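Enquirer: Model the structure of this input:
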Amino acid sequence: MLNSLFKVVNRVFPASVAHAHCDIPCGIYDPVSAKIAAQTVQKMVMRIQALEEGDSHAAYANTLARYIAVKEQHADLCKKELDILWHDYFNPTHLEKYPDIHTKFWQANKLAARNKQNVDMDAAKELVGAVDEIATIFWATKNVTYKDEVADVRFGS
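Expert: The predicted structure is shown next:
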């Protein structure tokens with residue numbers, strides 16, 4: 001009975017087809033999450049490299065393990081956030097204007113993986129730079145000039 005009612009309503013008021021270019025409404029994409037994750041990777045590399053064993057090996061090992069865990073989590077988060085932008089936001093129109101966008105994302109994701117595998121400040125800086133390049137392109141697609149307020153990431157204690 002209910003099924004018949006739905007069929008009648010659908011004939012009288014047919015549903016329109018909705019066309020969208022992404023899974024969710026525009027306006028919620030932002031490369032800032034990838035940027036924060038990349039900067040966190042860089043900060044953890046800095047802390048790992050500055051860590052000294054001191055009196056307690058157990059305290060040193062615990063701190064080192066925590067820094068490594070955070071570095072790896074944020075490298076994964078950076079990859080995830082980049083993938084969301086790459087797969088959900090950017091479209092063929094953007095590719096026409098930025099034909100190297102796929103290469104930039106691929107290289108940034110490879111840098112994130114490299115940062116998981118190593119403790120390398122140059123690789124961490126490259127990751128931050130790669131995310132900045134993608135952010136510049138992202139904001140250009142919205143006719144906004146991207147200016148990184150802090151060109152060199154400086155960390156406190």
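Enquirer: Distance check, residue 139 against residue 29.
Expert: 11 Å (CB to CB, to the nearest Å). (Glycine included, C-beta is placed from N, CA and C.)
Enquirer: pull the longest helix from this protein.
Expert: helix 57-84 (DSSP state H).
Enquirer: ok, which stretches of this structure are helices?
Expert: Using DSSP H, helices in the chain cover 2-12, 32-50, 57-84, 92-97, 101-117, 121-141.
Enquirer: coming back round to it: the longest helix of the chain: which residues count as buried?
Expert: With burial defined by 16 or more other CB atoms under 10 Å, the residues of helix 57-84 counted as buried are 63, 67, 70-72, 74-75, 77-79, 81-82, 84.
Enquirer: How about stretch 108-118?
Expert: 108-109, 111-116.
Enquirer: Check stretch 46-58 too.
Expert: Buried-residue list, stretch 46-58, by 16+ other CB under 10 Å: 46-48.
Enquirer: Residue 133: which of the residues you listed is nearest?
Expert: residue 46 (21.6 Å; CB to CB).
Enquirer: Looks like that closest one contacts residue 120 (just checking).
Expert: No: judged on CB atoms under 8 Å, residue 46 makes no contact with residue 120 at a distance of 11.4 Å.
Enquirer: Quick check: phi and psi on the residue lying closest to residue 64 once chain neighbours are set aside?
Expert: Leaving aside its chain neighbours, residue 64 sits nearest to residue 51 (6.0 Å; criterion: CB to CB, 6 or more residues apart in numbering). As for residue 51, its main-chain torsions (degrees, to the nearest 10) stand at phi -70, psi 130.
Enquirer: now, which of the buried residues of stretch 46-58 sits nearest residue 88?
Expert: Checking the buried residues of stretch 46-58 one by one against residue 88 (CB to CB), the nearest turns out to be residue 46, at 31.8 Å.
Enquirer: low pLDDT regions in the chain?
Expert: 2, 5-6, 9, 15-27, 148-157 (pLDDT under 70).
Enquirer: rerun that using 50 as the cut-off
Expert: Residue ranges of the chain with pLDDT under 50: 19-20, 149-157.
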